[in-house]
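A.B. asks: Give me coordinates for this.
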Amino acid sequence: MTLNRSNYLAAKKIELMDWLLHINDESKLKKIIAPKAVLDQEVVAHTISGYPVDKEEYVTMVKEADERISSGKYTTNEDLEKEIERW
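C.D. replies: Alright, predicted model coming up:
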């Protein structure tokens, strides 16, 4: 009997739930639960390296960038072009 996609997913979920129910090692369980927090958060952006960023983290990143700009800790286009020429 061939499983259709819906049946396949249902079978995999049952297999996973059964496996989870039989975990007796707390450290393993904590490792399994950790990604859930990430998966449950709504991704609003990605970093240049592809890391998903939720709204709270994105707001923090923007505030930090604003602080760097306000304090003069940034590189201008002109400075970057000069640096590239030295490569």
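A.B. asks: What lies in contact with stretch 17-28?
C.D. replies: Residues from elsewhere that reach stretch 17-28 (Cβ atoms under 8 Å, 6 or more residues apart in numbering): 29, 32. All C-beta spots, glycine's among them, are computed from the backbone N, C-alpha and C.
A.B. asks: Oops, could you answer that again for stretch 70-87 instead?
C.D. replies: Outside stretch 70-87, the residues that reach it (Cβ under 8 Å, 6+ apart) are residue 68.
A.B. asks: Endpoints of that stretch, how far apart?
C.D. replies: Here the two ends of stretch 70-87 are set 29 Å apart, with distance taken as Cα to Cα, to the nearest Å.
A.B. asks: The closest residue to residue 47 other than its chain neighbours in helix, strand or coil?
C.D. replies: Among residues not flanking residue 47 along the chain, residue 53 sits closest, at 6.3 Å (Cβ to Cβ, 6 or more residues apart in numbering). Using DSSP: H, G, I helix; E, B strand; the rest coil, the structure places residue 53 in strand.
A.B. asks: so how far is residue 74 from residue 53?
C.D. replies: To residue 74, residue 53 is 20 Å away according to Cβ to Cβ, to the nearest Å.
A.B. asks: now do residue 38
C.D. replies: According to Cβ to Cβ, residue 38 stands 30 Å off from residue 74.
A.B. asks: just residue 48 next, same as before
C.D. replies: 16 Å.
A.B. asks: quick one, which of the two is more surrounded?
C.D. replies: With neighbours defined as other Cβ atoms under 10 Å, residue 48 and residue 74 compare such that residue 74 has more, 10 against 5.
A.B. asks: For burial, what's the neighbour tally of residue 57?
C.D. replies: 16.
A.B. asks: oh sorry, the question was meant for residue 32
C.D. replies: Neighbour number of residue 32 under other Cβ under 10 Å is 13.
A.B. asks: which stretch of helix or strand covers it?
C.D. replies: For residue 32, the enclosing helix or strand under DSSP states H and E is helix 26-40.
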